[in-house]
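K.L.:
Sequence and predicted model, in that order:
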Amino acid sequence: MIQQTILHNAHKDLGARMIDFGGWMMPVQYDGIVAEHNRTRNEVSIFDICHMGEFILEGPEVKEDIKRLLTTNIEPLVDGQCRYGFMLNEEAGVLDDLITYRFNENKWMIVVNAGTKENDLQWIKDHVSATTTVTDISDNCGKIDIQGPLSKAPVESVLKIDLSEIKFFRFKEVTWNNKTVIVSRTGYTGEYGVELYADNDVIVELWQLFLDAGVKPAGLGARDTLRLESGLPLYGHELDEETTPEQANLMRFVCMNNNFIGKSVLEEKIANKTGRALRGFKIEGRQAARNGHTVVVNGEVIGNVVSGSFSPTLNASIGTAFIDREKSQVENPIGIDNGRKILDATIFDLPFYKKEK
């Protein structure tokens, strides 16, 4: 069954083109992917992210449970801090990539992907202590992201807060109209911005206030090109249950000091360097590679494309692929077989785009 976010009617009123995204009816674009992408890179956009899942974990043993469940190094986190990481299966494959929020020693929130939410919830419940309660608040918790270099002013104006108090990968609970809003700074675009979590009715009201303040919406299409330029993974593409964090070049988000599920197998796979490894690639011109296309060299298939798109910022086509390790050196020439022709490409070091500080 296709689900609708609480902002569904607002998207229709804005003339958005809607698509099925992981079982959710979501806006792919409003006034064009390139326009929305460029506006986010240079100004500010607002995104509907209400399809994501949010779980609250509480109890005296919750911290140790999270260290066992996730690769995230949560030990140094203080109240109001959050961190990105993975939940692995016993074979070290990625069940999901997620962000963990610490409210206090005994209360945490885990934000998961929509498509994996139900499996994530059951996995977590099956692997926590008897004293830890797991509450799925997803149905009552909305989420919107305001992203872009000019996002600070409208957020401060609407919420009446000082964003300079919230550093990168920090969050704060603020009171707005006698309601609690969680304001965090993690981002999925490579730009300055914030994410807002609140009750559904509050999110609907805030969405309209940001539109009234002149912030225009952006859809899934721009969100995908923005994250791809920034070298950020999308679950189901760069990450899945068959892929380890090492293969995806994301070991910086794995704390090997923790005894997390899948650790011993991950250590073995790292030692043996098994499987293909994730690399970026760049194609001169506008013709883009797509998920499922093959990577070839001299007629030999050496990899498979998992993400591909035209990059408005680079004015070239970019993508990611899992490529045989011995042939995956940066700047190596490769071909992308799209079924009709071979596109000339070059292996590129991720990310493609990095915001200047």
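P.N.:
Good, I have the coordinates.

K.L.:
domains of the protein?
P.N.:
For the chain, automatic domain parsing gives the domain ranges 1-273, 276-348.

K.L.:
out of these, which comes closest to K355?
P.N.:
Smallest distance to K355 across the domains of the chain (CB to CB): 5.6 Å, for domain 1-273. Yep, even glycine has a C-beta here, placed from its N, CA and C like the rest.

K.L.:
quick one: average pLDDT of the closest one?
P.N.:
Domain 1-273 shows a mean pLDDT of 97.

K.L.:
the helices in the stretch 1-150 of the chain, which residues?
P.N.:
8-13, 33-42, 62-69, 117-126 (DSSP state H, counting those that start in this stretch).

K.L.:
and these as CSV, adding distance to E267?
P.N.:
Below are the helices of the stretch 1-150 of the chain laid out as CSV (distance: least, CB to CB, whole Å):
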stretch, distance to E267
helix 8-13, 45
helix 33-42, 39
helix 62-69, 16
helix 117-126, 21
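
K.L.:
right, so of those, which gets closest to V183?
P.N.:
Across the helices of the stretch 1-150 of the chain, closest to V183 is helix 33-42 (CB to CB), at 18.6 Å.

K.L.:
Name the residues of the closest one that come out as buried.
P.N.:
33, 35-41 (16 or more other CB atoms under 10 Å).

K.L.:
Of all the residues in stretch 167-179, which ones are buried?
P.N.:
Within stretch 167-179, the residues that count as buried by 16+ other CB under 10 Å are 169-172, 174, 176.

K.L.:
on that earlier part again, nearest to I323, out of the helices of the stretch 1-150 of the chain?
P.N.:
Evaluated over those, closeness to I323 peaks at helix 33-42, with 26.3 Å, by CB to CB.

K.L.:
what helices or strands is that closest one leaning on?
P.N.:
In terms of contacts (3 or more CB pairs under 8 Å, 6 or more residues apart in numbering; DSSP states H and E), helix 33-42 is packed against strand 216-217, helix 220-229.

K.L.:
other SSEs contacting the first one?
P.N.:
Helices and strands touching strand 216-217, by 3+ CB pairs under 8 Å, 6+ apart, are helix 33-42, strand 45-48.

K.L.:
Which of those sits closest to S184?
P.N.:
For S184, the closest of the helices and strands packed on strand 216-217 is strand 45-48, at 13.9 Å, according to CB to CB.

K.L.:
Neighbouring strands - and their directions - for that closest one?
P.N.:
strand 141-147 (antiparallel), strand 216-217 (parallel) (DSSP bridges).

K.L.:
shaky segments in the stretch 251-357 of the chain?
P.N.:
Within the stretch 251-357 of the chain, the stretches with pLDDT under 70 are 357.

K.L.:
could you redo the helices and strands packed on strand 216-217 as a markdown table and give each row distance to D65?
P.N.:
Listed next are the helices and strands packed on strand 216-217 as a markdown table, based on distance: least, CB to CB, whole Å:
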| stretch | distance to D65 |
| --- | --- |
| helix 33-42 | 36 |
| strand 45-48 | 31 |
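
K.L.:
so which of those comes closest to G285?
P.N.:
Counting by CB to CB, G285 lies closest to helix 33-42 out of the helices and strands packed on strand 216-217; the figure is 15.4 Å.

K.L.:
Verify the contact between R39 and V215 for me.
P.N.:
No - taking contacts as CB atoms under 8 Å, R39 lies outside contact range of V215: 9.6 Å.

K.L.:
which residues do the two both contact?
P.N.:
S45 (CB atoms under 8 Å, 6 or more residues apart in numbering).

K.L.:
gap between the closest residue to M18 other than its chain neighbours and I347?
P.N.:
Among residues not flanking M18 along the chain, M25 sits closest, at 5.3 Å (CB to CB, 6 or more residues apart in numbering). Going from M25 to I347 by CB to CB, to the nearest Å gives 37 Å.
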